[in-house]
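[1] Pasting the sequence and the predicted model now:
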Amino acid sequence: MEGARSYMSKTYRILVIDDEPIYHKMISHALQPLGYEVEFALNAESGYLTAQSTNPDLIITDVIMEEMTGYELTQKLRRDSRFAQIPIIILTSQTELADKLKAFEAGADDYISKPFAPPELIARIGVLLRRYEAVAKAAVPPVKLEEPRIITVHSLRGGVGCSSIAVNLASAIWELWQKPTLLIDSVLTAGQVALMLNISLKRTWGDIANYKPEEIDYDLLDTVISKHKSGLHVIAGPTTPAVAEMISVPSMKTAIDILRPYYEYIIIDTQHDFSEVTILMLDIADVIIQVMAPEMASIRAAVAAIDTYPQLGYDTDKVNLVLNRLFDQPGLEQQQIEKALSLPIKMVFPYAPDLFIRAINLGEPIIYDNPKSYVTSLLENLAYNISKKVHKTTPPTNPTPTWQRVNKRLTQKRRLMG
Ligand SMILES: Nc1ncnc2c1ncn2[C@@H]1O[C@H](COP(=O)(O)OP(=O)(O)O)[C@@H](O)[C@H]1O
Ligand SMILES: [Mg+2]
């Protein structure tokens with residue numbers, strides 16, 4: 001129990017909302033001896049009012065309550081700026097995957113199924129409060145920088161690995177330089193970026209839906225940006241297609257224009273189309289990563305994209321072809337593909353279902369879950385290759401492990417090539 005107590009720099013107030021008094025008793029029995037203050041409410045409505053009057057540091061809510069479910073209550077709390085970011089745990093007797101997804105979509109941080117062991121609840125509360133404090137402390141006003149390098153990942157065909165590559169590249173760039181890096185999910189219908197990073201959907205592009213471009217400012221955007229535990233910043237896609245409908249592309253453009261000077265790198269995952277939002281993301285790109293699989297339909301989609309880019313004014317020089325071996329068969333040969341596209345392939349990712357699928361299910365990018373894998377070395381090399389020249393030419397004063405690995409590989413390669 002010492003461990004739990006040691007992070008308590010102040011007295012935390014926990015609000016428990018559950019219609020079964022036995023849980024009030026159980027939770028306060030576990031938490032009060034550790035120095036927590038515990039408040040209770042027996043239904044969602046009074047829970048909402050109690051939250052307003054007591055300003056809790058963390059909320060635990062049951063799912064099944066009479067007039068409002070725990071999911072609805074969580075959504076309602078998230079819309080109030082005072083409760084937009086605080087940790088919320090959903091307690092439920094259901095253990096289905098669908099319920100876990102619902103909790104996540106509602107904007108909860110964690111999910112515990114009943115019955116639970118008090119030490120587990122205590123541990124999870126500790127983790128969430130520590131993370132919340134660390135993020136709040138880290139929220140110092142950012143410094144204005146030079147222009148960012150913007151890297152947009154695109155493919156006209158879905159399911160080829162765009163989101164996986166965008167998430168891992170952004171993480172690898174952040175780990176290489178530790179310079180302000182923003183990952184943007186511009187997939188407005190069922191974006192996967194937040195899921196792949198296990199980021200709760202407290203804030204998404206949906207939060208700018210009610211603002212006109214001229215009403216958007218840095219302070220508003222700061223609340224839309226999620227801060228991943230690594231230090232990477234993320235703007236998540238909206239949770240539902242209905243919300244997506246309400247987001248205007250000019251507002252997204254204004255948002256990115258305001259954010260530009262605060263980041264060294266912006267990595268963007270896109271929809272598999274040439275919609276208005278995708279064109280915006282391609283327009284602002286310094287580097288386009290075009291992802292394809294070694295099969296006919298995917299190559300056709302890549303040809304169509306690459307033929308269209310010059311018509312939209314994008315220089316072919318900024319296109320980086322990436323071949324992703326999505327399946328266990330050899331598929332089309334690299335040379336054939338390069339000939340068909342009249343462009344060299346910059347990188348080939350091997351078939352690695354264990355790594356890619358595990359990463360999605362865990363919400364942990366491959367570069368963190370499997371730092372020693374071959375796929376990680378490729379991702380790190382690609383991240384390095386597309387980084388700013390000034391970063392590549394000035395060795396960092398405090399080189400990160402990622403930078404050291406890339407540097408070692410580059411030195412070996414140079415030695416081999418004489
Ligand atoms: N190299 C690979 N080997 C095996 N599976 C992969 C590979 N790359 C991606 N996948 C899997 O393919 C699916 C689609 O990936 P995703 O990144 O969501 O693609 P997109 O964003 O293009 O739709 C995911 O299930 C992912 O785990
Ligand atoms: Mg995707």
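    Cool, the structure landed. Ligands and ions are numbered 1, 2, ... in the order given.
[2] For the residue of the stretch 101-250 of the chain found nearest ligand 2, give me the pLDDT.
    Nearest residue of the stretch 101-250 of the chain to ligand 2 (C-beta to the ion) works out as S163 at 3.2 Å. The C-beta positions use only the backbone N, C-alpha and C, and glycine is treated the same way. Listed pLDDT for S163 reads 98.
[3] Look at it and tell me its secondary structure.
    Counting by DSSP: H, G, I helix; E, B strand; the rest coil, the backbone at S163 sits in helix.
[4] what's near enough to touch the residue nearest to it when sequence neighbours are not counted?
    The shortest distance from S163 to any non-neighbouring residue, by C-beta to C-beta, 6 or more residues apart in numbering, is to Q192 (4.6 Å). When contacts are counted by C-beta atoms under 8 Å, 6 or more residues apart in numbering, Q192 is found next to S163, D185, G237, D269, I360.
[5] The last one and ligand 2, how far apart?
    It refers to I360. Note on I360: its distance to ligand 2, by C-beta to the ion, to the nearest Å, is 10 Å.
[6] Show me what the longest helix belonging to the chain is in contact with.
    The helix that spans the most residues within the chain, counting by DSSP state H, is helix 118-138. When contacts are defined by C-beta under 8 Å, 6+ apart, helix 118-138 is touched by residues 1, 3-4, 7, 9, 12, 14, 26-27, 29-31, 34, 36, 57-58, 60, 85-87, 89, 109-110, 112, 227, 229, 231.
[7] pretty sure V38 contacts Y12?
    No. Using C-beta atoms under 8 Å, V38 makes no contact with Y12, being 9.5 Å away.
[8] Just want the residue of the stretch 301-418 of the chain that's nearest ligand 1.
    Residue of the stretch 301-418 of the chain nearest ligand 1, by C-beta to the nearest ligand atom: F356 (3.4 Å).
[9] can you tell me the helix or strand for that residue?
    Following DSSP states H and E, one finds F356 within helix 353-362.
[10] now the strands for the stretch 201-350 of the chain?
    For the stretch 201-350 of the chain, strands defined by DSSP state E, counting those that start in this stretch occupy the ranges 226-227, 233-235, 265-269, 287-292, 319-324, 345-349.
[11] what's the residue nearest to E72 when sequence neighbours are not counted sitting at in phi/psi?
    Nearest in space to E72, with sequence neighbours left out and distances taken as C-beta to C-beta, 6+ apart, is A44 at 7.1 Å. Phi and psi for A44, reported as degrees, to the nearest 10, are phi -60, psi -40.
[12] Get me the contact residues on the stretch 251-400 of the chain for ligand 2.
    Contacts of the stretch 251-400 of the chain with ligand 2, taken as C-beta under 5 Å from the ion, are absent.
[13] ranges for the helices of the stretch 1-150 of the chain?
    Assigned by DSSP state H, counting those that start in this stretch, the stretch 1-150 of the chain shows helices spanning 2-6, 21-31, 44-54, 70-78, 97-106, 118-138.
[14] who touches the fifth one?
    Contacts of helix 97-106 from elsewhere in the structure, counted by C-beta under 8 Å, 6+ apart, are 63, 70-72, 74-75, 78, 90, 92, 110-111, 195, 200-201, 239.
[15] do that again at 10 Å, thanks
    Here helix 97-106 makes contact (C-beta atoms under 10 Å, 6 or more residues apart in numbering) with 61, 63, 69-78, 88-94, 96, 108-113, 194-195, 198-202, 239-240, 363.
[16] Mark which of these are buried, thanks.
    Among these, those classed as buried by 16 or more other C-beta atoms under 10 Å are 61, 63, 69-71, 73-78, 88-92, 94, 108-112, 194-195, 199-202, 239.
[17] domains of the chain?
    Per automatic domain parsing, the domain ranges recorded for the chain read 2-138, 149-416.
[18] residues in the stretch 151-300 of the chain within reach of ligand 1, list them.
    S155, G158, G159, V160, G161, C162, S163, S164, Q192 (C-beta under 6 Å from any ligand atom).
[19] how deep is the fifth one tucked in, by neighbour count?
    Counted with other C-beta atoms under 10 Å, the burial measure for G161 works out to 21 neighbours.
[20] now swap in the first one and tell me
    When neighbours are counted by other C-beta under 10 Å, S155 registers 25.
[21] That one and L326: what is the separation?
    Here S155 is placed at a distance of 11 Å from L326 (C-beta to C-beta, to the nearest Å).
[22] list residues touching both of these two?
    Common neighbours of S155 and L326 are listed as G161, V291, M292, A293, S298 (criterion: C-beta under 10 Å, 6+ apart).
[23] List the contacts of P396.
    L176, W177, Q178, K179, W403, Q404, N407.
[24] do the same with W403
    W403 makes contacts with E175, L176, W177, Q178, E380, Y384, H391, P395, P396, as judged by C-beta under 10 Å, 6+ apart.
[25] Need the winner for burial among the strands of the stretch 201-350 of the chain.
    With neighbours defined by mean count of other C-beta atoms under 10 Å, none of these is more surrounded on average than strand 265-269, at a mean of 28.
[26] What score does M1 have for pLDDT?
    pLDDT, M1: 41.
[27] Buried residues, stretch 395-409. List them.
    Neighbour-count burial for stretch 395-409 [16+ other C-beta under 10 Å]: T402, W403, R405, V406.
[28] now for the residues you listed, which pair is the farthest apart?
    Spatially, the most separated pair among those is W403 and R405, at 7.4 Å (C-beta to C-beta).
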